[in-house]
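[1] Return a 3D structure for these sequence lines:
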Amino acid sequence: MTQLYRNWFLASRPWSFVMTAISIGVGGAVAAIDGPFSWGLFAATLLGAVFLHAATNLINDYYDVQKGVDTVEAATAQYRPHPLVEGKLRPKSVLIASCLLFAIGAGLGLWLAAERGWPVLAIGVVGVLASVTYTAPPVSYKYIALGEFSVFLMWGPLMVEGTYFVQHQQFSAHALWISIPFGTIVALVLLANNLRDITHDKSRHIRTIAIVLGAQKGFYLYGALIAAAYVSIFVMILAGILSWWSLMVFLSIPIAVKILRIMAEKIPKDADARTAQLDTVFGVLLLISLIAEALL
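    Here you go, the predicted model:
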């Protein structure tokens, strides 16, 4: 029984929830800077987002396995646990579990919409549709080079602005601008994954940005977007959107430089995991700087 619970826990990819927690945290911190803050509403927002993220991970793995994209030979299954590929979970059970998690997340979203207004419902519907159609037919837009753009929108503007709206029942231009660099770094996790999997994805007749651009131009895009994320932080500090506290984000630059050097030589099997490390440090430092601004 313990092993079964472990398999389900690993199948949900809990380490990826850090990205969601940071996005929700950034939106909450900006809201706290601008006025009253409700911990109860924040907790419901975070829980709902995590349940939807877990559901997304499960349903995406389900369709990737069904389509033969995720296999035992795939790089993804080589460096991280993949209970579905390993035959430790039944596909039908994974699909049912995903639907259950979607239902729980949607329930929390409906409660927040009832408390804070219809825009919360609209954001939730967009998020769920984007999650399901990412790999599910007939859309499967991950396979037509739209995955990175969707990840940017979901973990950037959608989550940050959605969290802000729950607190103040209005949207914020500052929250929108601040969401852009973090959403960009999150999207680079997928781009790193796709750069690594160019040969594998071609064999499965999948189109990604990495395949469209090619390995070299794809790497140049990867590096340019990392640079753009840092430049945007500095520009927002000068513009007064972020405080000088946010200079601490630049403490993550050595990690970015190390990743770029490694990927310039050869895309490693754990390219997405390495990029996720940068994403975490970048996001945590941004969040700390916003909390410092709110408190001090």
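[2] So which residues of the stretch 151-296 of the chain form helices?
    Taking DSSP state H, counting those that start in this stretch as the criterion, the stretch 151-296 of the chain carries its helices at 159-168, 173-196, 198-203, 209-213, 215-239, 253-265, 271-295.
[3] want to try TSV for the ones you listed, with mean neighbour count and distance to residue 82 as columns?
    Any C-beta I mention is one placed from the backbone N, CA and C, and that applies to glycine too. What follows is those, written out as TSV (neighbours: other CB atoms under 10 Å; distance: least, CB to CB, whole Å):
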stretch	mean neighbour count	distance to residue 82
helix 159-168	25	26
helix 173-196	23	13
helix 198-203	15	14
helix 209-213	19	21
helix 215-239	16	24
helix 253-265	14	23
helix 271-295	20	13
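[4] Tell me which of the ones you listed lies nearest to residue 19.
    The closest of the helices of the stretch 151-296 of the chain to residue 19 is helix 173-196. By CB to CB, the value is 5.4 Å.
[5] related to what we said a few turns ago, go through the helices of the stretch 151-296 of the chain and find the least confident stretch.
    Least confident of the helices of the stretch 151-296 of the chain, judged by mean pLDDT, is helix 198-203 with a mean of 88.
[6] How far does the helix or strand hosting residue 65 sit from its chain's centre?
    Using DSSP states H and E, residue 65 maps to helix 39-66. Relative to its chain's centre, helix 39-66 lies at 11 Å (CA atoms, centre = their mean, to the nearest Å).
[7] Tell me the helices and strands packed up against it.
    Counting contacts by 3 or more CB pairs under 8 Å, 6 or more residues apart in numbering; DSSP states H and E, helix 39-66 packs against helix 2-11, helix 17-34, helix 91-116, helix 118-133, helix 159-168.
[8] Give me the buried positions along the first one.
    Applying a neighbour-count criterion of 16 or more other CB atoms under 10 Å, the buried positions in helix 2-11 are 7-8, 10-11.
[9] could these go into TSV alongside pLDDT?
    Compiled in TSV, the buried residues of helix 2-11 are given as follows (pLDDT from 0 to 100):
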residue	pLDDT
7	83
8	87
10	84
11	85
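[10] How about residue 183: what's its closest non-neighbour residue?
    In space, and not counting its chain neighbours, residue 183 is closest to residue 156: 1.8 Å by CB to CB, 6 or more residues apart in numbering.
[11] tell me the contacts of the one you found?
    Residues counted as contacts of residue 156 (CB atoms under 8 Å, 6 or more residues apart in numbering) are 23, 179-180, 182-184, 186-187.
[12] Tell me the one among those residues nearest to residue 90.
    Nearest to residue 90 among the contacts of residue 156: residue 186, at 30.5 Å, using CB to CB.
[13] Contacts only, for residue 66.
    Residues in contact with residue 66 (CB under 8 Å, 6+ apart) are residue 91.
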